[in-house]
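**Student:** Test case, fold it:
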Amino acid sequence: MNRFPKFIATGAFVMLSAGSALAQQTPVQGGVQVQVQTKGQPGMTYGGITQNPWFGDKAVQIQLRLSANQFTGINKGYGDALTTYNTNVNNIEKTLNEQQRAERMQEFQATFNQNVNRSVDTFISEPKQRERYRQLHLQYQGYGAFENPTLRERLNLSLEQRQLFAKYGQEWHRQMGVFHQGYQGDPQGTTDRYNELLRQNNERYNAVLNAQQQLIWRQAAGEAYNFPPSVYFQK
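**Tutor:** Numbering: from 1, shown residues only. Purely as a prediction, here's the structure:
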């Protein structure tokens, strides 16, 4: 059994792709906003839980060496996990305070990832292939990965480092929102700017983390992979 840590995606929004059967505006429930993904929507996060899974992109499937059977099985598990996640979020208790809601959201996100990972474990039996899945999932989250309690503990991040990653994460989401708006009209130009942003992110990782932390990060995330912008700018 693979012991690679199963990191939890963080964030307070459910991101759903416009046009899907589940992508309908959902009201605020007990102070927790369920946000529908639209093109370049203000406040949208990138690298979190989406209606269309990050491994649905053909280039990513090739990188992961996913067979048609593996993709079908994991994709179904992802859809089932998403249904449970959305139900949990929409039914969150209205009487909870802000801290309690945040804790409940973390529980929902943990359950979502546990459910997806069960499908991954079922359909990916080869340890190295499974580990690569975990690595790319971590990379896909971007700065959000550093919000994960397990990774934070492994890296022993200081308060200052956490604050820097939070700041850079906000900048990343704002810039990605701009790129999202321009991607359909100018895919090549937007892709060039997106790739430059990825390069900047890697430089910031190295600037914030010390040498030992950089080593731990590389071990956790594996060989760097540049996700196609289409992974984030889903139609």
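
**Student:** CA atoms for contacts and neighbours, from now on please.
**Tutor:** Fine.

**Student:** what about the helices in the protein?
**Tutor:** 58-64, 68-90, 98-123, 127-140, 149-155, 159-183, 187-208, 211-221 (DSSP state H).

**Student:** Distance to S230, mean neighbour count and mean pLDDT added to these, as TSV?
**Tutor:** Shown next, in TSV, are the helices of the chain (distance: least, CA to CA, whole Å; neighbours: other CA atoms under 10 Å; pLDDT from 0 to 100):
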stretch	distance to S230	mean neighbour count	mean pLDDT
helix 58-64	10	15	95
helix 68-90	18	18	96
helix 98-123	22	18	92
helix 127-140	12	20	96
helix 149-155	27	15	92
helix 159-183	9	17	94
helix 187-208	9	14	95
helix 211-221	21	15	96
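
**Student:** quick one: N88 from A68, how far?
**Tutor:** Distance of N88 to A68, computed by CA to CA, to the nearest Å: 30 Å.

**Student:** Also R134?
**Tutor:** As for R134, its distance to A68 is 19 Å (criterion: CA to CA).

**Student:** For the residue nearest to Q129 when sequence neighbours are not counted, which residues are in contact?
**Tutor:** Nearest non-adjacent residue to Q129, counting by CA to CA, 6 or more residues apart in numbering: L64, 6.7 Å away. Shown in contact with L64 (CA atoms under 8 Å, 6 or more residues apart in numbering): Q129, R132, Y133.

**Student:** any chance of the helices of the chain in a markdown table, with distance to F233 too?
**Tutor:** Conversion of these to a markdown table gives the following (distance: least, CA to CA, whole Å):
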| stretch | distance to F233 |
| --- | --- |
| helix 58-64 | 14 |
| helix 68-90 | 19 |
| helix 98-123 | 22 |
| helix 127-140 | 13 |
| helix 149-155 | 26 |
| helix 159-183 | 6 |
| helix 187-208 | 10 |
| helix 211-221 | 22 |
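
**Student:** Of all those, which one comes closest to G48?
**Tutor:** G48 lies closest to helix 127-140 among the helices of the chain, at 8.3 Å (CA to CA).
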